[in-house]
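Visitor: pasted the sequence and its predicted model underneath.
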Amino acid sequence: MPAVRRPEGHVPFRRKLLWTGLILVLYFFLTNVDIYGLSQTQQNSDLFGQFRSILAGSQGSVLQLGIGPIVTASIVLQLLGGANLLGLDTDDPRDQILYQGLQKLLVAVMIVLTGLPMVFGGGFLPASSQVAGSLGIGLSGVRTLMFAQIFVGGLLILFMDEIVSKWGVGSGIGLFIIAGISQRLIAGVASLSLSWYGIVTGSVQIGAGIESLIQSLLIGQGRIIALVTTVAIFAIVVYAESVRVEIPLSHARVKGARGRFPVKLIYASI
């Protein structure tokens, strides 16, 4: 399977930032590239809209699937490896290469299994009859073209993740999730600012009466509850991630020498 070449030596931090920034720009660009042949008038509501930030995908774009196939393939391989069903030694470099190739093959399979139902079943991604008429290939041909774009997008995000992991800072999966969440937060704050500007200037009607005013500010246009909930969740996550317990240690050979071993409460990352 094709793979991104590992750096032969130490990669400077500035170069890592450069690679990370380039991949991030490419990611945002691909999330705004619409699937050619997708009907813009017959699209249904996004069933996975609440999970788009976590899946790092974009509805109707070539990154429709996001990191879903990568995460699913990793979980399946970890379960098989934990049950010792693969018969691979992770300490052997040859088996490591085989494991990485098997993971990429499984990602491609997951892209097919996830993308086919979206395009060919249920009308989740309806094909455009105008494109079918202009190309003269019928709706089935347009759906095949749409699936090819989704498949290529799934492979692109796989290799983008590999580039960040080898040449950038952190992991590509974490970077894409952070990018999606940050984009959604910035858009939400901008929308909230416009809503409050309309409330202050009087261009947004919030109704008459104390009860209507409170409801509009908390749940309606003001969305105070949404803002407070976001800040509270952020504070709780930061606090829980920083909590650690220090276990005292003593050395049997060196008397009087003591140390502490910090154990974090949460070792899981994004």
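Guide: Sure, I can see it.

Visitor: alpha carbons only for contacts and neighbour counts from here, please
Guide: Fine.

Visitor: just give me the residue right at the centre of the chain.
Guide: Centroid-nearest residue in the chain, with CA atoms, centre = their mean: Ala56, separated by 2.5 Å.

Visitor: in stretch 105-113, what counts as buried?
Guide: Within stretch 105-113, the residues scored as buried using 16 or more other CA atoms under 10 Å are Leu106, Val107, Ala108, Met110, Ile111, Val112.

Visitor: quick one: the closest residue to Val243 other than its chain neighbours from Ile236, how far?
Guide: Nearest residue to Val243, sequence neighbours excluded (CA to CA, 6 or more residues apart in numbering): Leu265, at 5.7 Å. Distance, Leu265 to Ile236, using CA to CA, to the nearest Å: 13 Å.

Visitor: for Phe147, list the residues it contacts.
Guide: Contacts for Phe147 (CA atoms under 8 Å, 6 or more residues apart in numbering) come out as Gly115, Leu116, Val119.

Visitor: filter the buried residues of stretch 105-113 down to just the ones in helices.
Guide: Assigned to helices by DSSP state H, the following of the buried residues of stretch 105-113 qualify: Leu106, Val107, Ala108, Met110, Ile111, Val112.

Visitor: now, among these, which is nearest to Val11?
Guide: Distance to Val11, by CA to CA, is smallest for Val107 among these, at 27.8 Å.

Visitor: is it true that that closest one touches Leu77?
Guide: No. At 10.4 Å, Val107 does not count as touching Leu77 under the criterion of CA atoms under 8 Å.

Visitor: for the protein, which helix or strand comes out least confident on mean pLDDT?
Guide: Least confident helix or strand, the chain: helix 210-218 with a mean of 63, by mean pLDDT, DSSP states H and E.

Visitor: sweet, I'm off.
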